[in-house]
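Enquirer: give me a model of this one.
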Amino acid sequence: VENKSIQKAIIRSRVAGYKVTSIGSSAFQYCFSLTSVTIPNSVTSIGIGAFQYCSSLTSVTIPNSVTSIGFCAFYGCSSLTSVTIPNSVTSIGSYAFSSCSSLTSVTIPNSVTSIGDDAFQSCSQLGQITFERTECPSIGVYVFDGISSEAVVLVPIDSKASYEAALNEYSFTILEKGRAKMQLDELIASATQEVTEYAEYYSIINASDRQAYETQLANAQKMSANSTDDLVLADAYKSLDNAFKQIHYALLDTKYIMADYPYYVKLVKLYNQAIAIDGINVPGYAANDGLITDASQLSTNAQEPREG
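Expert: Sure thing, here's the model as predicted:
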């Protein structure tokens, strides 16, 4: 592009009767005023430095015809806050998105098998990286250098080990996407089931405490059902946690607690599982809050159940 002051680019799928299949090397390089670009679905590759230093470009949607993103393709696009990489791209070249300092999140689709050296280097605002491939793609050196150690990496269920091995040089939090929700839903179901299974013991608790417990469980179930993102399950978790606390203190009030009291021991086990859920983040929230989280702690004050 000769006019480096261009602000908007619409790339045609055909020029002079020829199909446009690639964006050539340095095609829009140093177009500092370019804010938006439309790429047609005839394009299969984005060349070396195609949009390098397009520092005003804020977002880009790559069509699902593209299979490769070249070396330095979007290097230095410092205003780029979002990019959509389709499930057709198989390779992301070295330095492809390096120094995109406003990029906050990126999803690497299942189709990507290789990510080149320094591909996301110095993306200082990148806080969430989502991988959709079960096996971690081949990752070059320094790919995520210059990214905050507090970044969260979301990966498919049962693939955490693969990504931990590949990203072991970084201190990122790696979470299996959907795992926390699955664990939370299982715990809510178990806690609800215990009410029926241990009805004899549950009935000892006064009606208002039972109602409060059931309400908290129902709230947790509703909030979890409405959430599809592990990272926003905090409210559902707090309701489940509050339900356990409610029943904990209610049982203590009955003075019937003993080490082999099956309902309480079961709740302790469930609570231990709850506070160990991977991926639930509730800043400033003390989950255990002084509760007994080990059934063995009950033995010193064990009392036999008594009537009345």
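
Enquirer: distance from stretch 207-215 to the middle of the chain?
Expert: Offset of stretch 207-215 from its chain centre (Cα atoms, centre = their mean, to the nearest Å): 33 Å.

Enquirer: and it, what's buried?
Expert: Under the neighbour-count criterion of 16 or more other Cβ atoms under 10 Å, stretch 207-215 has 209-210, 212-214 buried. For glycine as for every other residue, the C-beta is placed from the backbone atoms N, C-alpha and C.

Enquirer: residues in contact with it?
Expert: Stretch 207-215 is contacted from outside by 195, 202, 205, 243, 246-247, 250, 253, using Cβ atoms under 8 Å, 6 or more residues apart in numbering.

Enquirer: alpha carbons of the helix or strand of the chain with the lowest mean pLDDT, as PDB, please.
Expert: Lowest by mean pLDDT, DSSP states H and E among the helices and strands of the chain is helix 262-275, with a mean of 72. Only the C-alpha atoms of helix 262-275 are listed here, as PDB (Å, rounded to 0.1, in the frame of the first residue of the first chain):
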ATOM      1  CA  PRO A 262     -22.100 -40.200  59.200                       C
ATOM      2  CA  TYR A 263     -24.000 -37.100  57.900                       C
ATOM      3  CA  TYR A 264     -21.400 -34.700  59.400                       C
ATOM      4  CA  VAL A 265     -18.500 -36.800  58.300                       C
ATOM      5  CA  LYS A 266     -19.900 -36.900  54.700                       C
ATOM      6  CA  LEU A 267     -20.400 -33.100  54.700                       C
ATOM      7  CA  VAL A 268     -16.800 -32.600  55.900                       C
ATOM      8  CA  LYS A 269     -15.700 -34.800  52.900                       C
ATOM      9  CA  LEU A 270     -17.800 -32.800  50.500                       C
ATOM     10  CA  TYR A 271     -16.500 -29.500  52.000                       C
ATOM     11  CA  ASN A 272     -12.900 -30.600  51.500                       C
ATOM     12  CA  GLN A 273     -13.700 -31.300  47.900                       C
ATOM     13  CA  ALA A 274     -15.300 -27.900  47.500                       C
ATOM     14  CA  ILE A 275     -12.400 -25.900  48.900                       C
END
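
Enquirer: can you give me the strands for the stretch 1-150 of the chain?
Expert: Taking DSSP state E, counting those that start in this stretch as the criterion, the stretch 1-150 of the chain carries its strands at 8-10, 14-15, 18-19, 22-23, 36-38, 45-46, 59-61, 68-69, 82-84, 91-92, 105-108, 114-115, 128-131, 138-139.
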